[in-house]
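> Here is a sequence together with a model predicted from it:
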Amino acid sequence: MYVSPEGSKYYQNREHSTIETLEEIFIKIHFDFPGSNILLAGDMNARTGDLVDYIIDDSLEYITNEDIYPIDDFNQKRHNLDKEINAFGTILIHLCKTHGIHIVNGRFPSDADGMFTSHANKGASVVDYMVASTELFPSIKNFSVIDDSDHFPITCCIETSITGE
């Protein structure tokens with residue numbers, strides 16, 4: 001996916017930015033396909049710094065209805081060389097916490113530091129992400145950033161089995 005940068009002319013005469021529209025898409029996916037998982041990658045022009053993308057101490061001790069709010073025990077620390085935070089980054093983190101998805105960047109040995117994904121006029125940044133549902137993380141075997149242009153490709157290895165019914 002691609003999200004135009006904050007302040008882009010693309011957003012003139014639009015009520016929501018592309019990243020804000022993701023909330024509506026995630027809600028529709030969860031409604032139309034209960035129990036489905038999300039895997040999304042691309043240039044989101046979001047800068048998330050060191051913001052945590054999961055709810056710390058997420059347990060039924062605080063929530064009384066697990067049917068309305070499914071408990072997510074994800075708590076894997078994420079690293080990010082980019083310490084900046086922008087509005088789109090804050091929105092992305094909110095989406096992660098609300099929908100049980102998490103940023104893959106900065107959580108695997110080949111990207112242990114949370115490498116920069118872009119070198120542009122304003123310097124180095126992390127704006128390209130892969131996000132995945134909590135349930136998909138055990139299947140993700142590796143994630144890396146390939147430093148070979150001004151926008152670095154991100155790669156992910158997912159291992160799964162296919163069973164027939």
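Good, I have the coordinates. Numbering: from 1, shown residues only.
> After the longest helix seen in the chain, which helix or strand is next?
Determined from DSSP state H, the single longest helix within the chain is helix 18-32. Per DSSP states H and E, the first helix or strand lying C-terminal to helix 18-32 is strand 39-43.
> ok and the next helix or strand after that next one relative to strand 39-43, angle-wise?
Once the chain leaves strand 39-43, the next helix or strand it forms, by DSSP H and E, is helix 87-99. Orientation note: helix 87-99 sits at an angle of 180 degrees relative to strand 39-43 (axes from the mean of the first three to the mean of the last three Cα atoms, to 10 degrees).
> Mind giving me the packing neighbours of helix 87-99?
On a contact count with 3 or more Cβ pairs under 8 Å, 6 or more residues apart in numbering; DSSP states H and E, helix 87-99 meets helix 18-32, strand 101-103, strand 128-133. C-beta coordinates here come from the backbone N, C-alpha and C atoms, glycine included.
> out of the ones you listed, which comes closest to Ser8?
Closest approach to Ser8 among these is made by helix 18-32 (9.3 Å; Cβ to Cβ).
> Buried deepest among the helices and strands packed on helix 87-99, which one?
strand 101-103 (a mean of 25; mean count of other Cβ atoms under 10 Å).
> and the helices and strands packed on helix 87-99, which one's lowest on average pLDDT?
Looking at the helices and strands packed on helix 87-99, the lowest mean pLDDT belongs to helix 18-32 (a mean of 87).
> Check the offset of it from the chain's centre.
Relative to its chain's centre, helix 18-32 lies at 14 Å (Cα atoms, centre = their mean, to the nearest Å).
> For Phe26, which residues are in contact?
Phe26 makes contact with Ile38, Leu95, Thr98, His99, Ile101, according to Cβ atoms under 8 Å, 6 or more residues apart in numbering.
> relative to strand 128-133, how tilted is the longest helix of the chain?
Using the same axes, to 10 degrees: helix 18-32 against strand 128-133 is 20 degrees.
> how deep is Lys122 tucked in, by neighbour count?
Lys122 has 8 neighbours, counted by other Cβ atoms under 10 Å.
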